[in-house]
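1. task: produce atomic coordinates for the following.
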Amino acid sequence: MSQVRIERADMKRDESNQFVGYTVFSIDGHAASYEITFLSKNGRDWDYSLNFAGEPGIEEQFMQLDERIETDDELFDDLLDAAIDASEFGE
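-> Okay, the predicted model is just below:
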């Protein structure tokens, strides 16, 4: 598996008291960095959105990563944990 490097992350509660967070990360062999944003009403069930973090990269790599995040629970949890750990809610 490609090495994932966390660049920055954070999580807060919005005015509706929902959890809103993000993790910016890069992956070995990918042309661009990515930003995954997280949203949860209860801190257990998470929605996410994946985007390029800066300049757009290679669409095929983006699609492969999005599919990997859908199927690789460990990768998803690592990215989510980075956001939680960087926040006031982290341990």
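
2. mind showing which ranges of the protein have poor pLDDT?
-> Flagging of the chain using pLDDT under 70 yields the residue ranges 1, 89-91.

3. quick one: A32 and G54, what's the gap?
-> According to CB to CB, to the nearest Å, A32 and G54 sit 7 Å apart. Any C-beta I mention is one placed from the backbone N, CA and C, and that applies to glycine too.

4. more neighbours: those two, which one.
-> Shown here are A32 and G54; by other CB atoms under 10 Å, A32 has more neighbours (15 against 11).

5. how about the strands of this structure, start to end?
-> Ranges of strands within the chain are 4-13, 19-27, 34-40, 47-52, based on DSSP state E.

6. and the closest residue to S49 other than its chain neighbours, what does it touch?
-> Residue nearest to S49 in three dimensions, not counting chain neighbours: T37, with 4.9 Å by CB to CB, 6 or more residues apart in numbering. Neighbouring residues of T37 by CB atoms under 8 Å, 6 or more residues apart in numbering: V20, G21, Y22, Y48, S49, N51.
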